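Provided below for reference: sequence and predicted model.
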Protein chains: 2
Amino acid sequence: MDRAVFDKRMSEYILAIENRLNTFFSHGVSGTEKLKDAVLYSLLAGGKRIRPVLVLEFSRALGFNWENAIDTACAVELIHTYSLIHDDLPCMDNDDMRRGKPSCHKAFGEDVAVLAGDALLTHAFGMISDSAPHKISYESACRVISLFSRYSGIDGMIGGQILDISADGKDVDADELKKIELLKTSALIILSCKAGCIIANADEEKLKAAEVYGENLGLAFQVIDDVLDVEGDEKLLGKATGSDIKRDKSTYVDLLGIDEAKSYSRQLTNKAIESLYPIKDNEFLASLAEFLVSRNF
Amino acid sequence: MDRAVFDKRMSEYILAIENRLNTFFSHGVSGTEKLKDAVLYSLLAGGKRIRPVLVLEFSRALGFNWENAIDTACAVELIHTYSLIHDDLPCMDNDDMRRGKPSCHKAFGEDVAVLAGDALLTHAFGMISDSAPHKISYESACRVISLFSRYSGIDGMIGGQILDISADGKDVDADELKKIELLKTSALIILSCKAGCIIANADEEKLKAAEVYGENLGLAFQVIDDVLDVEGDEKLLGKATGSDIKRDKSTYVDLLGIDEAKSYSRQLTNKAIESLYPIKDNEFLASLAEFLVSRNF
């Protein structure tokens, strides 16, 4: 896809996502301001917004008016943000910095950070159900909510986090690392792709294509993250590099070496792109995969 | 209502709830067993199951087959359990005991406790959406999920928790305490009553009745909790008494004195019972309010 066309659509999506996130929590009970500040601090701290973009683009590519998928798209970002807040807690990964700023518990205290994560998770589901029946059907909303619950739950993202914690400081082989990353990182990316399909009433073949695309994109994303942790620019990344080594975490770079890791991310990206054939209008999704594999932030 | 009839229906509900909770998380990804154990440890640790009973009874009283409301009923219990696990964390109320056993983070570690709470919250929403369209309609599921999100979110239970934390160690007057308790405790009880109504397609008048009943029942429940914290039996309660004093928490007993607090809980209970008039078949609900105000556990 022509780069200018890609950039234009991407900007349009990002603008719609930021606008929607900015109106989130505009009202509320007095006395809860600090908690709201903490939620918005983390939610509006930047980030690539890849997950909501995937929801919007899959729905559009399959013939749905993507503007009506905006609440579901932002709901994934709420889930993603909650997971970062809880993962950063002292009892978990104990990260002081996130996206170039103090992490939520550093800025607001641990108690507020736990509740901010809980609030984001709680409101994600309400955003989806509230968007029915005007933007999406009741049936789509229920199917999407079931999907959210499964992919972000104990057999998805949360499961990945517990496996990751259990593996800390242990030797992990490539198969085990893949299992962890499929749950911890790919699950929300697969969820985003499939949620867009469900909203657009896609058939099983297209849903399956979205799943394979999301799985490979998610793994490629994580491999690149590991590479950037070794040779990335701290300023562009908004976080310290070398953190995996410091925390004695197994990465693809440890297991494969840096060149092999890069070539693995290329293979995964090709697989993601190839899987798109049942979806006719797939140029943006292919370009997005290329964009992510060549990123430096 | 005749005590034997009340007890029989109550046992029937409790049995159905326990059976459903016991099949929860019966499968799963290998390596996540410890997290599942933690979830089930807290979920099956007992408790009065008042919230799910309210869902079932409101649905039944309004003409719905209550057995089809079981997933929504249990979803409230998942939310309630997650809130207890997170509230007990060292960075929150720092409680070592819950229902006569070590609290979740004491038994499984803080990291697992955070994730166990997250998992319960995540799966609560999926339980509701998965029960459509076979047990409840897609529309009911969406309306109930919106309600769950609102009443357990920042303008509901989570808001109450942040107000409660902010009030710790400060002097709080009766109005402020009522505001906190309405959010922290009554919100989930109101949610339970209204969820049962929505599933049964109740009209606005009945929904309003359920709200007033839930609000007063929830407040009465909390006042009795405060009374029992002073003069209750630790064995029956499954927790140490005097914990509010130790934590310098304002309670209704501090503000009103013990006799006045008891008489206040009676007033609230009467108000709850009176509010039930738009619901014809309300004897069980009235007895339940009586049962809760006279409990010693």
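Done, it's in. Numbers count the residues shown, from 1 in each chain, chains lettered A, B, ... in the order given.

ok, and what's touching stretch A:269-283?
Under the criterion C-beta atoms under 8 Å, 6 or more residues apart in numbering or on different chains, residues A:1, A:60-62, A:205-206, A:208-210, A:212-214, A:216-217, A:220, A:285-286, A:289-290, A:292-293 lie in contact with stretch A:269-283. (C-beta placed from N, C-alpha, C; glycine too.)

so how far is B:A119 from the most centrally placed residue in chain A?
Residue closest to the mean C-alpha point of chain A, counted by C-alpha atoms, centre = their mean, is A:R51 at 4.5 Å. Taking C-beta to C-beta, to the nearest Å as the criterion, A:R51 is separated from B:A119 by 20 Å.

so how far is stretch A:250-263 off the chain centroid?
Averaging C-alpha positions (C-alpha atoms, centre = their mean, to the nearest Å) puts stretch A:250-263 22 Å from its chain's average.

you'd agree A:K249 is up against A:K170?
No: between A:K249 and A:K170 there is no contact under C-beta atoms under 8 Å: 10.0 Å.

between the two, point out the one with more neighbours.
Using other C-beta atoms under 10 Å in any protein chain shown, the more surrounded residue of A:K249 and A:K170 is A:K249, with 18 against 9.

ok, that one to chain B distance?
Using C-beta to the nearest C-beta, to the nearest Å, A:K249 is found at 15 Å from chain B.

contacting residues around stretch A:100-108?
Residues contacting stretch A:100-108 (C-beta under 8 Å, 6+ apart): A:34, A:37-38, A:41-42, A:45-46, A:85, A:88-90, A:95-98, A:112-113, A:116-117, A:238-239.

A:R60 reaches A:W66, doesn't it?
Yes: between A:R60 and A:W66 there is a contact under C-beta under 8 Å: 4.0 Å.

more crowded one of those two?
Ranked by neighbour count (other C-beta under 10 Å), A:R60 and A:W66 place A:W66 first, with 22 against 19.

that one reaches A:V53, doesn't it?
No: using C-beta under 8 Å, A:W66 is not in contact with A:V53; the gap is 10.0 Å.

which residues does A:S59 contact?
Neighbouring residues of A:S59 by C-beta under 8 Å, 6+ apart: A:W66, A:N68, A:A69, A:G196, A:C197, A:I199, A:A200.

farthest pair in those?
Across those, the longest distance by C-beta to C-beta is 14.5 Å; it joins A:N68 and A:C197.

quick one: which of the two has more around it?
A:C197 (27 against 16).

which SS class is the more buried one?
Following DSSP: H, G, I helix; E, B strand; the rest coil, the label given to A:C197 is helix.

which ones are touching it?
Going by C-beta under 8 Å, 6+ apart, A:C197 touches A:F58, A:S59, A:L62, A:K206, A:L207, A:A210.

now do it against A:V144, distance only.
10 Å.

if we can go back for a sec, out of the contacts of stretch A:269-283, which are buried?
A:1, A:60-62, A:206, A:209-210, A:212-214, A:216-217, A:220, A:285-286, A:289, A:292-293 (16 or more other C-beta atoms under 10 Å in any protein chain shown).

what residues does the helix or strand where A:V5 lies touch?
Using DSSP states H and E, the element containing A:V5 is helix A:3-23. Under the criterion C-beta under 8 Å, 6+ apart, residues A:43-44, A:49, A:52-53, A:56-57, A:66-67, A:70-71, A:73-74, A:77, A:284, A:287-288, A:291 lie in contact with helix A:3-23.

what are the buried residues along it?
Within helix A:3-23, the residues that count as buried by 16+ other C-beta under 10 Å are A:F6, A:R9, A:M10, A:Y13, A:A16, A:I17, A:R20, A:L21.

then stretch A:215-234?
Buried residues in stretch A:215-234, counted by 16+ other C-beta under 10 Å: A:215-229, A:232.

and A:M1, what does it touch?
If you count contacts by C-beta under 8 Å, 6+ apart, A:M1 has them with A:E283, A:F284, A:A286, A:S287.

what about the last one, how many neighbours?
For A:S287, the count of nearby residues is 19 (other C-beta under 10 Å).

what residues are up against it?
When contacts are counted by C-beta under 8 Å, 6+ apart, A:S287 is found next to A:M1, A:R3, A:F6.

could you look up the SS state of it?
helix.

rewinding a little: now for the contacts of A:M1: which two are most distant?
Largest separation among these by C-beta to C-beta: A:F284 and A:A286, giving 7.3 Å.

which stretches of the stretch 1-150 of chain A have low pLDDT?
Within the stretch 1-150 of chain A, the segments meeting pLDDT under 70 span A:27.

what segments of it are helices?
A:3-23, A:33-43, A:50-61, A:70-88, A:104-108, A:110-130, A:138-152 (DSSP state H, counting those that start in this stretch).

nearest to A:S186, out of these?
Relative to A:S186, the nearest member of the helices of the stretch 1-150 of chain A by C-beta to C-beta is helix A:138-152, separated by 9.2 Å.

by contact count, what packs against that closest one?
For helix A:138-152, the elements it packs on are helix A:70-88, helix A:110-130, helix A:187-199, helix B:110-130, helix B:138-152, judged by 3 or more C-beta pairs under 8 Å, 6 or more residues apart in numbering or on different chains; DSSP states H and E.

give me the contacts around that helix.
A:72, A:75-76, A:79, A:83, A:124-125, A:128-129, A:131-132, A:136, A:156-158, A:187-188, A:190-191, A:194-195, A:198-199, A:201, B:122-123, B:125-130, B:132-133, B:137-139, B:141-142, B:145.

and for stretch A:128-135?
Under C-beta under 8 Å, 6+ apart, the answer for stretch A:128-135 is A:68-72, A:75, A:136, A:138, A:140-141, A:144-145, A:148, B:139, B:141-143, B:145-146, B:149.

among these, the buried ones, what's the ChimeraX command?
In ChimeraX, a selection of the buried entries from the contacts of stretch A:128-135 looks like this (16+ other C-beta under 10 Å):
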select /A:68,69,70,71,72,75,136,138,140,141,144,145,148 /B:139,141,142,143,145,146,149
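
tilt between the lengthiest helix in chain A and helix A:138-152?
Secondary structure assigned by DSSP state H gives helix A:204-231 as the longest helix of chain A. Interaxial angle, helix A:204-231 versus helix A:138-152 (axes from the mean of the first three to the mean of the last three C-alpha atoms, to 10 degrees): 40 degrees.

are stretch A:117-124 and chain B in contact anywhere?
Yes: contact of stretch A:117-124 with chain B (C-beta under 8 Å from any C-beta of the partner chain) involves A:G117, A:D118, A:A119, A:L121, A:T122, A:H123.

and those residues, which two are furthest apart?
Largest separation among the residues of stretch A:117-124 next to chain B by C-beta to C-beta: A:G117 and A:H123, giving 11.1 Å.

of those two, which one has the most company?
Set side by side, A:G117 and A:H123 show more neighbours around A:G117, with 31 against 25, by other C-beta under 10 Å.

OK, contacts around the residue nearest to the centre of chain A?
A:A73, A:V76, A:E77, A:H80, A:L188, A:I189, A:L191, A:S192 are the contacts of A:R51 under C-beta under 8 Å, 6+ apart.
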